[in-house]
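A.B. asks: Everything below, folded, please.
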Amino acid sequence: MKRRNFISRMFAMMALFSLTESRAQTCAEPLKEKVRLLNQSVSVPLCELTQGKVCLFVNVASHCGFTYQYEALEKLQQTYQKKGFTVIGVPSSDFFQEKDKESDIAQFCQLNYGVSFPMLEKSHVRGSDATPLFKWLQAETDTSIKWNFYKFLVDKNGKPIQAFASMTEPTDAKLIAAIESLL
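C.D. replies: Numbering: from 1, shown residues only. Here you go, the predicted structure:
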């Protein structure tokens, strides 16, 4: 009996490993990397956050003139998350407008805008110091980040589809239509 339970558990673990492995293989290379969540010590495979979802990656900053967009980004999250969509915020001080401490960023986002979407660790998003994720997003969309709150729309298969500059509001009809067409 013990041997049968052991063998059953082994097959279950092998199936789970195989499923996890196949999921990781279907993610684009930059999405296979582990990322740390904002103000946490936990790192997760980016693939787990994005797999099978339409994603909107946004480089954010707390002291930017576009910071008010957090409110509309959260509304997008609430409106479309049950349909397989998520916003993923990436704080960056590349334009010298982000708080120094991640704990302050997290508190600011939660208290002022009720942000519930995933926020990644504070990172570089442009230039030679940019994370592989943002180098890839920019290369795939032929876009160069020029300011905070650039938005990169990625389809359910992990393919970057389109980039939107800071001036494009999260409520913009073209952005909403692009999201809805991918859901």
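A.B. asks: and the spatially most central residue of the chain, helix, strand or coil?
C.D. replies: The residue at the geometric middle of the chain, judged as the C-alpha nearest the mean C-alpha position with C-alpha atoms, centre = their mean, is Ile88 (3.0 Å). Here Ile88 is strand, with the state taken from DSSP: H, G, I helix; E, B strand; the rest coil.
A.B. asks: repeat for Ser181
C.D. replies: When the structure is split into helix, strand and coil by three-state DSSP, Ser181 lands in helix.
A.B. asks: Around it, count how many other residues there are.
C.D. replies: A count of nearby residues for Ser181, using other C-beta atoms under 10 Å, gives 11. Bear in mind the C-beta positions are built from the backbone N, C-alpha and C, glycine included.
A.B. asks: so how far is Leu153 from it?
C.D. replies: Using C-beta to C-beta, to the nearest Å, we find Ser181 at a distance of 10 Å from Leu153.
A.B. asks: Please apply the same query to Leu182.
C.D. replies: For Leu182, the distance to Leu153 (C-beta to C-beta) stands at 7 Å.
A.B. asks: hey, what's in contact with both of these two?
C.D. replies: A shared contact of Leu182 and Leu153, defined by C-beta atoms under 8 Å, 6 or more residues apart in numbering, is any residue touching both; here these are Val54, Ile161.
A.B. asks: May I have the residues that are in contact with the closest residue to Phe85 other than its chain neighbours?
C.D. replies: Counting by C-beta to C-beta, 6 or more residues apart in numbering, Phe85 lies nearest to Val54, which is 4.7 Å off, once chain neighbours are set aside. Residues in contact with Val54, defined by C-beta under 8 Å, 6+ apart, are Tyr80, Gly84, Phe85, Thr86, Leu153, Val154, Asp155, Lys156, Ile179, Leu182, Leu183.
A.B. asks: and the one helix or strand Ala72 maps to, what does it pack onto?
C.D. replies: When elements are assigned from DSSP states H and E, Ala72 belongs to helix 69-80. Under the contact criterion of 3 or more C-beta pairs under 8 Å, 6 or more residues apart in numbering; DSSP states H and E, the helices and strands touching helix 69-80 comprise strand 54-60, strand 85-91, helix 102-113.
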